[in-house]
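Asker: Quick one, what's the 3D model for this:
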Amino acid sequence: MQLFANPQTLRNEIISLSASCGLDKPCYTKMLDFTIKLFETQGLGKDYYGYHNITHELEVTYVSLIVLKWKSILDEIRPEDFRYLYAAALFHDFDPQKSVDKPHEDNVIRFLSCDNNVKNLFLDADLDMDIIKALILRTTYPWKGSLKEHAEEQITDCFSRSPITKNNKAMQEYYMRLGWLLSIIDRVSGYALGDFTKAMDMAKKNAHALAWHPSLIVKRSVAYFEDLLNEESEMCDAVLRALPRDMRKNFMDTVTGFLNLRQQEIKIHADYLYENIRLVPKIESMRVRNEYEFQKALIEIYNELPTPLQIGREHFEKTLMDSKTILNTLRVGGADGPIVGFAKGGPLENYNLRSEIIDKNFGKHDTVFLEPIALKMGYWGLQGGSEMRHLFTMQAHSMNYKYLTSFALRNVIERRIASNEKAEFVTKFDPERWDYYRIEL
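Answerer: Presented below is the predicted three-dimensional model:
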């Protein structure tokens, strides 16, 4: 169960916790409300397509306050620095003009430096802007290679400007450690505040936002957690010990959940390579499409898609029974085997797509829309999706459609164009890079 489902609940919990940490002046609530308002007005509210939305920002702030209340950590953090951890957590991904979902720390620092509202908020709270910048820069991930070197150069500049840290090596090391603490909280918080369903939704949103192929979601999630628990074990253990038991359990259940999924993936891929399993695309009859068990199987797979890819969710079951809907499935073993994926679509006019899309063929009834391919976790990367897409294209061609439109990652569309497929961009979307395209059948 997710502990806090919406920003308003998180806001109220943050206000209550911050007061118990001595941050009870009105300026801290103003800071909080300013952040929420700007994220939401920039389209980065809880319904934003990516991982780094207002909910993430508030979750990191909430967990930072939880950590501050834990006695074993308090001895290491000066009470006057509680406000610095609070402000840095609240603004750490503050990149409202983002060009990609993953916030760029340079953009965050630039925004904080230039926005007069932020400057006034920090002034009211008697905060040194350079200390906050240094803490945020330390959340750079991964903390290695050129990213780390670039961040360290900027942090050195911040320390040289701040009267708190200038020519004071001990204080510089202290704030670097505080920044490391924030970095770990940043990566733990979302997974500690909900169950495995929430964790998987976060991972899928992150993968979609970073233009990863779905086959990489579990593999990279496992690598992410192993890095956190092994390479940064000292601070990670300290943060986990500072969390309530149920939050620690949420986090570790998520880790073991991804490890178990990865083992299943490896077994499926091994069976596929050894030709122990066969994937069979199949055109489904209307009789089968009206069966309850069939619909239930498709709904379960559909629910595994990232939320932005669940197009026409409210009408999904109804469209399965529509004779104008083109549908094929991917089954294991043979034509009557278990369903592990499907391709579905229909007349373009049946869809209410994003308002930015102006499709010249809308209303001509010569274009079919292919919804995002849906596959069970573990079956991505085995060519099943491509086979269903090709079968769908053949079905559309037999029904005398002239064009097919769909959404795909920009680099995928570019590859299709380069391979002489009759494909073209219709509308590009940034920062998602999940674009609407057309092919001639």
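Asker: Can I get the strand ranked longest in the chain in CSV, CA atoms only?
Answerer: Ranked by residue count and defined by DSSP state E, the top strand of the chain is strand 339-347. Coordinates of each C-alpha in strand 339-347 appear next as CSV, following Å, rounded to 0.1, in the frame of the first residue of the first chain:
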residue,chain,number,x,y,z
ILE,A,339,-1.1,-15.2,-23.7
VAL,A,340,2.0,-13.2,-23.0
GLY,A,341,1.3,-10.1,-25.2
PHE,A,342,-1.0,-8.4,-27.7
ALA,A,343,-1.2,-5.7,-30.4
LYS,A,344,-4.4,-3.7,-30.6
GLY,A,345,-5.7,-0.8,-32.6
GLY,A,346,-8.5,0.5,-34.7
PRO,A,347,-9.7,3.5,-36.8
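Asker: Give me the helices and strands touching that strand, please.
Answerer: helix 292-302, helix 316-320, strand 326-332, strand 367-370, strand 374-375, helix 384-398 (3 or more C-beta pairs under 8 Å, 6 or more residues apart in numbering; DSSP states H and E). Bear in mind the C-beta positions are built from the backbone N, C-alpha and C, glycine included.
Asker: okay if I get these as JSON lines plus distance to L38?
Answerer: Output for the helices and strands packed on strand 339-347, formatted as JSON lines (distance: least, C-beta to C-beta, whole Å):
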{"stretch": "helix 292-302", "distance to L38": "34"}
{"stretch": "helix 316-320", "distance to L38": "34"}
{"stretch": "strand 326-332", "distance to L38": "43"}
{"stretch": "strand 367-370", "distance to L38": "35"}
{"stretch": "strand 374-375", "distance to L38": "35"}
{"stretch": "helix 384-398", "distance to L38": "38"}
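Asker: Columns mean pLDDT, mean neighbour count and distance to I54 on top of those, output as JSON lines?
Answerer: Below are the helices and strands packed on strand 339-347 laid out as JSON lines (pLDDT from 0 to 100; neighbours: other C-beta atoms under 10 Å; distance: least, C-beta to C-beta, whole Å):
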{"stretch": "helix 292-302", "mean pLDDT": "95", "mean neighbour count": "15", "distance to I54": "27"}
{"stretch": "helix 316-320", "mean pLDDT": "93", "mean neighbour count": "16", "distance to I54": "28"}
{"stretch": "strand 326-332", "mean pLDDT": "97", "mean neighbour count": "24", "distance to I54": "37"}
{"stretch": "strand 367-370", "mean pLDDT": "97", "mean neighbour count": "23", "distance to I54": "31"}
{"stretch": "strand 374-375", "mean pLDDT": "95", "mean neighbour count": "24", "distance to I54": "28"}
{"stretch": "helix 384-398", "mean pLDDT": "95", "mean neighbour count": "18", "distance to I54": "33"}
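Asker: Any regions of the chain where pLDDT drops low?
Answerer: Applying pLDDT under 70 to the chain flags the ranges 1-5, 43-52, 71-75, 95-105, 209.
Asker: can you give me the strands in it?
Answerer: Going by DSSP E, the chain shows strands at 279-283, 326-332, 339-347, 367-370, 374-375, 403-409, 423-427, 434-440.
Asker: can I get those strands in TSV with distance to P244?
Answerer: Formatted as TSV, the strands of the chain follow (distance: least, C-beta to C-beta, whole Å):
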stretch	distance to P244
strand 279-283	44
strand 326-332	42
strand 339-347	38
strand 367-370	46
strand 374-375	37
strand 403-409	39
strand 423-427	46
strand 434-440	37
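Asker: now for the ones you listed, which one comes closest to S146?
Answerer: strand 403-409 (25.2 Å; C-beta to C-beta).
Asker: Tell me the strands beside that closest one, with direction?
Answerer: Its sheet considered, strand 403-409 pairs with strand 367-370 (parallel), strand 434-440 (antiparallel) by DSSP bridges.
Asker: Could you dump the ones you listed into TSV with distance to D195 added?
Answerer: TSV is the format used below for the strands paired with strand 403-409 (distance: least, C-beta to C-beta, whole Å):
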stretch	distance to D195
strand 367-370	32
strand 434-440	27
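Asker: Compare those strands and give me the one nearest V63.
Answerer: That would be, of the strands paired with strand 403-409 and by C-beta to C-beta, strand 434-440, which comes in at 29.7 Å.
Asker: can you pull the buried residues of the closest one?
Answerer: W434, D435, Y436, Y437, R438, I439 (16 or more other C-beta atoms under 10 Å).
Asker: residues in contact with the fourth one?
Answerer: Translated: Y437. T405, S406, F407, A408, I413, A423, E424, F425, V426 (C-beta atoms under 8 Å, 6 or more residues apart in numbering).
Asker: Can you tell me which of these is nearest F362?
Answerer: When these are compared against F362 (criterion: C-beta to C-beta), the nearest one is T405, at 9.5 Å.
Asker: How about the nearest residue to that closest one once chain neighbours are set aside: which residues does it bridge to?
Answerer: The shortest distance from T405 to any non-neighbouring residue, by C-beta to C-beta, 6 or more residues apart in numbering, is to R438 (4.8 Å). Beta-bridge pairing for R438 (DSSP bridges): T405, E424.
Asker: re the thing from before, could I get the buried residues of strand 434-440 as a markdown table with distance to A418?
Answerer: Listed next are the buried residues of strand 434-440 as a markdown table, based on distance: C-beta to C-beta, whole Å:
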| residue | distance to A418 |
| --- | --- |
| W434 | 19 |
| D435 | 15 |
| Y436 | 19 |
| Y437 | 13 |
| R438 | 16 |
| I439 | 14 |
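Asker: returning to that earlier point: ok, which of the helices and strands packed on strand 339-347 comes nearest E173?
Answerer: Taking the helices and strands packed on strand 339-347 one by one with C-beta to C-beta, strand 374-375 is closest: 48.5 Å.
Asker: strand partners of the closest one, parallel vs antiparallel please.
Answerer: strand 339-347 (antiparallel).
Asker: related to what we said a few turns ago, go through the strands paired with strand 403-409 and name the closest to D322.
Answerer: strand 367-370 (13.0 Å).
Asker: what does that closest one contact?
Answerer: 326, 343-348, 350-351, 353, 359, 361, 389, 392, 396, 399, 401-406, 438.
Asker: filter the residues you listed to the buried ones?
Answerer: 326, 343-348, 351, 353, 359, 389, 392, 396, 401, 403-406, 438.
Asker: Let me see the backbone angles for the residue sitting furthest away from the middle of the chain.
Answerer: Centroid-distance maximum for the chain: N167 at 40.1 Å, with C-alpha atoms, centre = their mean. With angles defined as degrees, to the nearest 10, N167 sits at phi 60, psi 30.
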